[in-house]
Structures are given as C-alpha cells and as structure tokens.
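Engineer: Sequence and predicted structure, then a few things I'm wondering about:
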Amino acid sequence: YHCNSSLCKVVAQLVALMRAGQCRLSRQVISRTGSIICRCFSEISSSGSGGISSSVHHPHHRVHLLFGANTDVGKSVISSGLVRAAASTGHGGSQSLVNYIKPLQCGGSDESFVLLNNDDQLEGRRMNDIRCRTLFSWKTPASPHLVSRWENAPVSDEEVVSKLSAVLQDIDNTNNREETASITTVIETAGGVLSPSSSSPLNKTTTADHWGWSTQADLYAPLRIPVVF
C-alpha cells in the first residue's frame, strides 16, 4: 500500500527530526500533522478491495504486518500513525481494542515510542484502548541475526512464530472475554522483507561455524498476514 505525497512529506520530516535527536520537536510535529496521518490510514483501512483485509487466520480482527528496510526509515512513525488512526476511530460509542506488537526489538523501545505518540492528552480526547507488546528484545541496536549471537541470546524462527501466533490467538479470544466493537493489530517488523531475523542453532540454516537465520519474509510467511510496505 502506497501513501500519498502529503503523508510521505510528513514521514520524511519526522524521520529527519528523529535522526537529529530532536525528540520533543518530533512529538510536536506528530501532534500538528496527526490529522493527515490518521486520514490517510483511515482511508486505507476502510477502503474496499484495495484496503487492508483481515488475515484468513484471524478473521475477527484486522492484522497489519509492517515492513521497511533500513534503520530510521520510518517504520515506528508509520506504525504510530496506524495505531492512532485505529484508536481514534469511533464505533457508535463502543470501546475498540488496538494492539501494537514488536516481535524483535534490538536496542531502545519502539513500543515506548508508539505509546508516547498516542497519548490521549495530546488531542484532549478519549482514545480507544491501546495495548503494546514486545516479544523478544536485545540491548544492542543492530540487526537481530547479529545481536542474538553477540549477546548469546538465540531466538529461533519457530520460537518467534509460535509466540506471535499465541499472542494473536489470545487477541482473537478477546472477543469472547470483552465487549469490543472492533480489534486492530499492528505488527512492526525489524526491517525489510529480506532483512535477517534472529539467529539460533535451532534454525535450519545453521552450520558448524554460524547460527542459522531466515529473512523476515520467510519468517512471517507461515502466518499469512496482510503486509504494508
């Protein structure tokens, strides 16, 4: 799904500010331009055949898997926009649930960034329930296939898929426990489709010299989740 020129300019501005370390200013820009981001993503999520459909494995809520190659390309900014768009959408007064999931986190906390920029007090209005989860994390800001070896903390493809599947299943079951009008889940990957996932001696491509790893496209393929580039 491709965004329009207005949103592209917003994202470019936000990324430039974050690279310069101007976090406070980037929050102000997000607040000023949030309506543009919300409008663009609301149009995407509410469109027909050209929109983002629900996963065939998770028919009770919308699931979005977001890819973006290279660090600071804007994945967390776009994820924050998607979360804000979903959280600010009304459903006849009923409470809706919005989930943000970061399966592989290398240094820092994208979960904290998303929560920071979806504070309901920024808009002075009530937002829908937002729940964030980080599944696996390492301290070093580098590629997952490297940091998992450097920190001697391997995570296999099977572990990632199994844990993410369990979390999504738990979200599916939310409808049976809570009265929610709708459920949206945004999953932010740790790179592009060909970026490496985490390394583990349990992965199929392991050799005598190196722990094996898969591309993130291959890692998440079994889940059959709609993708946003």
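Structural biologist: Yep, it's here.

Engineer: can you give me the helices for this protein?
Structural biologist: 5-19, 23-46, 75-87, 110-116, 120-123, 144-150, 157-172, 174-177, 216-220 (DSSP state H).

Engineer: Please report the distance of Lys75 from Ile101.
Structural biologist: Separation of Lys75 from Ile101 (Cβ to Cβ, to the nearest Å): 13 Å. The way it works is simple: take the backbone N, C-alpha and C, and place the C-beta from them, glycine included.

Engineer: And for Lys163, nearest residue in space, chain neighbours not counted?
Structural biologist: Leaving aside its chain neighbours, Lys163 sits nearest to Leu135 (5.2 Å; criterion: Cβ to Cβ, 6 or more residues apart in numbering).

Engineer: Could you do Asp129 as well?
Structural biologist: That would be Leu97: by Cβ to Cβ, 6+ apart, it lies 5.1 Å from Asp129.

Engineer: hang on, the one you found packs against Asp170?
Structural biologist: No: the pair Leu97 / Asp170 is not scored as a contact, 11.6 Å apart, by Cβ atoms under 8 Å.

Engineer: For these two, indicate the residue with more neighbours.
Structural biologist: Leu97 (21 against 12; other Cβ atoms under 10 Å).

Engineer: Please name the bridge partners of that one.
Structural biologist: Asp129, Ile183 (DSSP bridges).

Engineer: Ser137: what's it in contact with?
Structural biologist: Leu104, Gln105, Cys106, Ser109 (Cβ atoms under 8 Å, 6 or more residues apart in numbering).

Engineer: Counting neighbours, which of those residues end up buried?
Structural biologist: Buried residues within the contacts of Ser137, counting neighbours by 16 or more other Cβ atoms under 10 Å: Leu104, Gln105, Cys106.
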